[in-house]
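Undergrad: Sharing a sequence plus its predicted fold:
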Amino acid sequence: MLPNKVRVVEVGPRDGLQNEKTPLDAADKIELIHALADAGVTTIESGSFVNPKWVPQMASSEEVFQGIQRKSGVTYSALTPNLKGFERALAVKADEVAVFAAASEAFAQKNTNCSIAESIERFVPVMEAAKAANMPVRGYISCIVGCPYEGDIAPQKVLEVTKTLLDMGCYEVSLGDTIGVGTAASCQRLLEVLGAEIPMEKLAVHYHDTYGQALANILKSLEMGVATVDSSVAGLGGCPYAKGASGNVATEDVIYLLNGLGIEHGIDLDKLIDAGNAISNRLNRPNNSRVANAITAKREK
Ligand SMILES: CC(C)(COP(=O)([O-])OP(=O)([O-])OC[C@H]1O[C@@H](n2cnc3c(N)ncnc32)[C@H](O)[C@@H]1OP(=O)([O-])[O-])[C@@H](O)C(=O)NCCC(=O)NCCSC(=O)C[C@@](C)(O)CC(=O)[O-]
């Protein structure tokens, strides 16, 4: 059965912009975040406190958080790989942080320079500090169905990491199909394994659209009881440690799907399209949302 309401987690300003080649200054990112909040998005991953040598596009995250005019009811979250990242996020008053692990050892090494177990160890002090600061922590898992280095990933491995993150205190785990290889069938198999042990409300889906399967995978996930979907306005981004991976599914496309299904989400599609067109123009790249392109063409007629 489909959920009545879906929470859309906008990851464009982080997952999207971390992999765009055109450098943006903090003011452009702030403008994007303001436009997203104005469109009704209530969770916006606004930056990342990782080593700026690894991901230079996120180096201005402090400035971004300090420059945002916060809208009441909106959660401005940040990615934090370790205690140092958490302290940076806390200093600029992020509302929520996210730790990120992988279901593939090879990807964990490439992305975080350590094994899966070591990445989890780094989260222990983050969870303690977040608890003391009363800050919610989200968990991410990369490579939930496939890894660019290891190939297919067993659902059992994803289950193990998901349980670990939830046991540590993450309120939710977002399942990342980092290279977009999942299909409705493989996502269903994974969610069946997870759903046997974990309540669906603890899971979110985070699909990249490399193989054009993201919307089908989202629909399947909604049918299986998932009600939180990550997406990126204009389909921004990719992944710096997964060559050839395209951006997240475009938020505009997700909203069009939800509208068609009659599922509540609280986002104004027209305003969202304006936000996506503006950032695409600023980056001098095409808008990767098919819905945005279709509606923009219709507007121009
Ligand atoms: C995890 C580390 C930090 C380990 O990196 P490391 O080099 O092993 O760390 P270290 O602890 O040995 O420290 C080395 C240097 O980094 C500094 N450092 C250490 N931590 C920080 C920090 N937080 N902020 C700023 N600086 C930091 C630290 O201070 C030191 O500086 P130095 O003494 O050399 O001058 C590194 O590998 C890293 O930053 N990785 C991030 C990679 C990344 O951002 N990837 C993209 C995000 S994940 C993703 O996109 C997937 C997701 C979530 O969207 C889901 C999906 O789709 O799959």
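TA: Ah, there it is.
Undergrad: what's near enough to touch the residue nearest to Leu272 when sequence neighbours are not counted?
TA: Nearest-residue entry for Leu272: Ala39, 4.4 Å, with adjacent residues in sequence omitted and distances by Cβ to Cβ, 6 or more residues apart in numbering. (Glycine included, C-beta is placed from N, CA and C.) If you count contacts by Cβ atoms under 8 Å, 6 or more residues apart in numbering, Ala39 has them with 267-268, 271-272, 274-275.
Undergrad: Arg189 and Ile153 touch, don't they?
TA: No - when contacts are counted by Cβ atoms under 8 Å, Arg189 is not listed as touching Ile153 (11.3 Å).
Undergrad: picking that back up, tell me which entries of the contacts of Ala39 lie within helices.
TA: Judged by DSSP state H, these include 271-272, 274-275 as members of helices.
Undergrad: Using JSON lines, lay out those residues together with neighbour count, distance to the ligand and pLDDT.
TA: Below are the ones in helices among the contacts of Ala39 laid out as JSON lines (neighbours: other Cβ atoms under 10 Å; distance: Cβ to the nearest ligand atom, whole Å; pLDDT from 0 to 100):
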{"residue": "Lys271", "neighbour count": "15", "distance to the ligand": "25", "pLDDT": "98"}
{"residue": "Leu272", "neighbour count": "29", "distance to the ligand": "20", "pLDDT": "98"}
{"residue": "Asp274", "neighbour count": "16", "distance to the ligand": "25", "pLDDT": "98"}
{"residue": "Ala275", "neighbour count": "28", "distance to the ligand": "20", "pLDDT": "98"}
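Undergrad: roughly how far apart are the residue lying closest to Glu201 once chain neighbours are set aside and the ligand?
TA: Here the nearest residue to Glu201 in space, its sequence neighbours aside, is Ala227; by Cβ to Cβ, 6+ apart that works out to 6.8 Å. Separation of Ala227 from the ligand (Cβ to the nearest ligand atom, to the nearest Å) stands at 19 Å.
Undergrad: what do you get for Asn281?
TA: Where the ligand is concerned, Asn281 sits at a distance of 24 Å (Cβ to the nearest ligand atom).
Undergrad: So for that residue, what's the pLDDT?
TA: As predicted, Asn281 sits at a pLDDT of 96.
Undergrad: Pull out the buried positions in the helix ranked longest in the chain.
TA: The longest helix of the chain (DSSP H) is helix 116-132. Residues of helix 116-132 classed as buried by neighbour count (16 or more other Cβ atoms under 10 Å): 116, 119-120, 122-123, 126-127, 129-130.
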